[in-house]
Structures are given as C-alpha cells and as structure tokens.
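Peer 1: One predicted model, sequence on top.
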Amino acid sequence: MSMDSLITVENLYRYYGGLCAVHDLCFEVRRGEVLGFLGPNGAGKSTTMRIIGGNLAPSAGRVLINGIDILDQPMLAKAELGFLPETPPLYRDLTVNEYLAYCARINRIPRAQQQAAIDSAKERCGLTAVGRRLIANLSKGYQQRVGIAQAIIHSPSVVLLDEPTVGLDPIQIREIRTLIRDVANEHSVVLSTHILPEVQSVCDRVQIINRGRLVLNESIEQMREKLQATSLLVALRTMPSISELESIAGVASAELVGDGRVRINYAATLDPSDAIVEQAVANGWGLYELTPERMTLEQVFVDITSSDALAHGESGASGKPAEQGSEGEAA
Amino acid sequence: MIFTIAGRELRGLFLSPLAWSILAVVQLILAYMFLAQIELFMQLQPRLPTLPGAPGITEIVAVPLLGNAAMILLLIVPLITMRLISDERRNQTLPLLFAAPISMSAIVLGKFVGVMTFLLIMLLMILMMPLTLLLGSSLDFGLLAAATLGLFLLLASFAAVGLFMSSLTAQPTIAAVSTFGVLLLLWILDWAGNNAGGGNGSDALAYLSILRHYEALLKGVFNSADIIYYLLFITVFLVLSIRRLDAERTQY
C-alpha cells in the first residue's frame, strides 16, 4: 500500500443471506484520482459504495480510508469521507442554508469555520442563489447539487458519489460532470454509474464490476487503446462485389450493411483506408463516406459483462438459478 | 453532537403542524379537566375543615390533573415519537448520519433528548395550571414535585419505547400503533395484579406495570425503587434502539 492511496479495499465480501453481492473485491484509489465504478444494475456497485461509506458492514475484508480502518476507527475514518448515496439524503423541510449548516455541524467542522465551509460548498455547487429556498421546492438537479454540497462540505479527502447524474437532464448532467472534475482537484472521487460516456468524460480510471467481482481495472488511457478502430464504414454510390473489396490489401472481410454501405473489417495493424480510397477513385465507385468505427466503451462493457455472464452461467448451470434472479433485485 | 441532533429533531417537530396541534389539544383537554377538579374542590371546600387529615387542594386538583395527563399522553406520545427514526428511514436520510463521524449512541440519544425537550415543554405547560392556584391558595410543593417527577419519568419511558418502535420500521403509523400497543399493555399489566388478589406471579406482573410506579409517586411516596425502575426501563429501550440501528449496517 503506497502512502498516496486514499482508499484501500482489501478482499471485500458482502453476503445478503445466501446471496454474494460483493466477491473478493480489491482496489485502491490514489489522491486526486477519479475512479469510475461501472457495472450493470445489481452488480454490487451500490453495495460497495455503501460499505466504503460506512453505511454497511462488510461480511469480510477491510476498507481503509486514508490508512484508517473504517471498522476499527469509524469516527476518524468517516471524518475523511463524504458520501452521496443513490437517493440524496435531504431533509425536505429545511432550507438549503439550514440543511448545510446541520451537515457542517454533524461533520464536526469547528464552529468558527462553519459559515465559511457552507459558503464555499454553496459556491462550488452553484447553490448561492437558492440558499434560502426549501429543499422540497428545488428541482431534481438542484437537489442533487445539494447532495454533492453535503458530501464535500467538510473537505473530506475521499468523496463517494453513487450515480450522481441519474434522472437529470442533459444540461444538468454536464454541469454536474464539471462539478465532479472540479471536486477531484482537491479530493479523490469514486463515482459509480451505469452511464458509460460519463466515465469517458470524467474519470481517470475505470473499474467494471459484474456479479460482485471486479472484471476490469484500467486507466482511461489503457482503455482508449483498447477502443481503437478495427473496422470502417464505407458508403459507395456504385457498389462493387464483396470479393472485389476483400481483395484490397489489408481488408480481412467485408459485409453489406444495406443503404449503399459496407462494413470493412481489418487487422488492427493494417489500416486499409488509403487503399480503399485509391481503388474507389480508380474504379469510379463514387465514395462519399468513410468512417472509422471506434469500439465504444459500451461495447467493451457489454463484451466483458456478457462474456463473464456466459462463463458464470456455464460453470454454475447446475447451481442456483433462483439466486441469479434475486441478484437483480438486490441492486 | 447529541445536542445538534436534538436541536434538529426539535426544529423538525415544530416545523410540522403536528407539534403545535398536539400542544393545543392536550392543553385544551387538560384545562377542561383542571376546571372540573376546581369545581369539585369548591363543592367539597365547606366540609373539608371538619374532616381530620383532610386532603388539600394539591391532592384534590393537582394530583388528579397529573394522573389524567399521564393517560392522555399515553395516547399522544406515540404520535410524537413515531417519526423519529422511521421517517429518516423512509426518506433515506439515515446514510447522512451513518456517513458522518457520529456514533450510533449519539444519534439515538440526540433523538431522545430532542423529543424529551418537546415533552418537557408540554409538561411545563401542564404544570402552569396547578401553579396558577398559588394566586389564591398555597400548594404542597413536596407532593407536586414528586408527582411531576413521576410524570416526567413516565413520559421519558413512553418516549424511549416510541423511539425503539420507530427504529424498527419505515412506516411512522406502524411505529405509532405498536408504541401505543406496548404502552397500553404495560399500563394494564397492573389489572392482572389487582384482579387476582395477589400471589402466584400476578404480583410480579403488576410490578412490571408502568402505572403502579407512577401511582406511588402521585401519592407523594418517593421510593428509589420506582425511580430505578423507570431509569432501567428507559435505558433498556435506548440500548435496544442503538443495537437496532447498529444492526442496520449488518442486516439484509
């Protein structure tokens, strides 16, 4: 464990009755890093977040916040922690100011610094104008911001955000993402989500969890390499035969996708774009569109989770189908 | 930290119309009973000097008032305590407290202190009625103090049961009904003792009744056993609530 890792999760298990929601999870989050925690519904994201947030006791394993064990010294560990659960924990009958003042007090901010902490949290989350309004009367987006303000008010070293952009409109989502990046300048952020572009736009590192197991843990750069193009979408006015296309150097296979378009797959090392353009000009195919098809994070995600599900299904075919059914409900 | 939570709880109570209407209704009903007792005292007054060891105005007016207050508050306290934890659970605000550096005991004690502050305000308002008698009479302060202490401990026990019941569920109404049920049962345990004419275990049942210990204090008998009974009672239910909240993290 390096000194710089703010969250250390070691061999974490969590059972709900006979159901294993989190299985042998190990990871670290370093200072100033935004970790995207991805997974399909019911994969164990929220369970993990709640365990790190001190809301749920793990069945086995350890969670260290800034080197402090959250089970052994919950007070010290929780002081370093800001948590926004799936449903923002808001008192709807309070105004934003009253609510944040309460949060400042229960997070043990010294009395003299409370007002400054409230003001800075409001400013960072764009709440200055709504300070005197009742939380119940705020829109969903503003309520979400109050939830985030609550999580960062005591300047914790670790901020956990569980699906912070769920149910927001696209503009609000962009604002919240900017806010998350801003928060990450000073804190480490763990962000759980099932919205993939969110991870691509905000996170430094991606973890995919499926059925309680970590199936992928990579930095966003590594991820980008994985996502490089391996196919082209070509639109031609005069469609040549498939065999003609496949004879072009570098083309592994070609398939018609209709609408005058053809998908050309190629080996990762050989990009046949130039050859295709040359051939198209020479033969008068009337090329008007050539798009490299990037593999999206979505595809990687689907590939990983479905292949994992398949492996899981095969090995556990004789196991407990009922258990798999209830896994979805435990989300 | 306890007082921060207590303050929030008290504010929350007064932000809803419930607290105000409860204060008003209780005050109105008890004022009517108070006036009825004064009426009774006025009728008895001419004959009182002739009786040896005759009861005074404190016994005739103040003590029955506090006795009746206990009965009415048995119905009312569940309504005040029902939302303590169940509402937070229903609105999913408990994670805020769990993620903050506060112990479970501080959360439970904070809520208990908050609701007790409210009940104390109510108790003072009730107490003001007998104290107005000082305008035209003198009071037996020893008796009044014992009865008030009794009512205070009784209310604290009600609140402790209510808090525990509220920690069990996410539905305030269920918390209210079950609190009322438990309190009423503990109240009428005394009947078993009275009807069986003592002996064979019914004495033990009667001893568990929260009413019996209150009656002693209403008579002005300050017995430390009664006080310890209430303190134990309150502690047990507070500890149960803390355990219940602790189990929230390990459950499912």
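Peer 2: Nice, thanks for sending it over.
Peer 1: Average pLDDT for stretch B:45-59, rounded please.
Peer 2: Mean per-residue pLDDT for stretch B:45-59: 81.
Peer 1: Check which residues of it are buried.
Peer 2: B:56, B:57, B:58, B:59 (16 or more other C-beta atoms under 10 Å in any protein chain shown). C-betas here are computed from N, CA, C, even on glycine.
Peer 1: okay if I get the residues you listed as a markdown table plus secondary structure and distance to residue B:240?
Peer 2: Converted to a markdown table, these look like this (DSSP: H, G, I helix; E, B strand; the rest coil; distance: C-beta to C-beta, whole Å):
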| residue | secondary structure | distance to residue B:240 |
| --- | --- | --- |
| B:56 | coil | 42 |
| B:57 | helix | 41 |
| B:58 | helix | 37 |
| B:59 | helix | 37 |
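Peer 1: show me what contacts residue A:52?
Peer 2: By C-beta atoms under 8 Å, 6 or more residues apart in numbering or on different chains, the residues touching residue A:52 are A:7, A:9, A:63, A:65, A:70, A:81, A:158, A:160, A:190.
Peer 1: quick one: the helices in chain A?
Peer 2: A:45-52, A:74-79, A:96-106, A:111-124, A:140-152, A:170-184, A:196-202, A:220-226, A:242-246, A:273-283, A:297-315, A:321-329 (DSSP state H).
Peer 1: hey, C-alpha coordinates of the lowest-mean-pLDDT helix or strand in chain B in PDB?
Peer 2: When the helices and strands of chain B are scored by mean pLDDT, DSSP states H and E, helix B:202-208 comes last with a mean of 74. The C-alpha trace of helix B:202-208 is given here as PDB (Å, rounded to 0.1, in the frame of the first residue of the first chain):
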ATOM      1  CA  SER B 202     -49.500 -11.800  39.200                       C
ATOM      2  CA  ASP B 203     -47.700  -9.600  41.700                       C
ATOM      3  CA  ALA B 204     -44.700  -9.800  39.500                       C
ATOM      4  CA  LEU B 205     -46.700  -8.800  36.500                       C
ATOM      5  CA  ALA B 206     -48.200  -5.900  38.400                       C
ATOM      6  CA  TYR B 207     -44.700  -4.900  39.400                       C
ATOM      7  CA  LEU B 208     -43.700  -4.600  35.800                       C
END
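Peer 1: where does the chain dip in pLDDT?
Peer 2: All of this is about chain A. A:1-3, A:226-229, A:268-269, A:294-297, A:308-331 (pLDDT under 70).
Peer 1: To clarify, I was referring to chain B.
Peer 2: In chain B, residues with pLDDT under 70: B:192-202, B:251-252.
Peer 1: How about the residue most central in space within it: what's its closest non-neighbour residue?
Peer 2: Centroid-nearest residue in chain B, with C-alpha atoms, centre = their mean: residue B:155, separated by 1.4 Å. Sequence neighbours aside, residue B:119 is the residue nearest to residue B:155 in space, at 4.7 Å (criterion: C-beta to C-beta, 6 or more residues apart in numbering or on different chains).
Peer 1: Report the secondary structure state of the one you found.
Peer 2: Look at residue B:119: counting by DSSP: H, G, I helix; E, B strand; the rest coil, its state is helix.
Peer 1: how many neighbours does it have?
Peer 2: 22 (other C-beta atoms under 10 Å in any protein chain shown).
Peer 1: quick one: it and residue B:153, what's the gap?
Peer 2: Plainly put, residue B:119 is 11 Å away from residue B:153 if you go by C-beta to C-beta, to the nearest Å.
Peer 1: Would you mind saying which of the helices of chain A lies nearest residue B:42?
Peer 2: When the helices of chain A are compared by C-beta to C-beta, helix A:96-106 sits nearest residue B:42, at 50.1 Å.
Peer 1: Could you check the angle the closest one makes with helix A:111-124?
Peer 2: 130 degrees (axes from the mean of the first three to the mean of the last three C-alpha atoms, to 10 degrees).
Peer 1: what's the angle between helix A:96-106 and helix A:140-152?
Peer 2: 20 degrees.
Peer 1: got the buried residues for helix A:96-106?
Peer 2: Applying 16+ other C-beta under 10 Å to helix A:96-106 flags A:96, A:97, A:98, A:99, A:100, A:101, A:102, A:103, A:104, A:105, A:106 as buried.
Peer 1: From what I see, residue A:87 and residue B:90 are in contact.
Peer 2: No. In this structure residue A:87 lies outside contact range of residue B:90 using C-beta atoms under 8 Å: 10.8 Å.
Peer 1: Of the contacts of residue A:52, which ones also sit close to chain B?
Peer 2: Filtering those for neighbours of chain B using C-beta under 8 Å from any C-beta of the partner chain leaves residue A:81.
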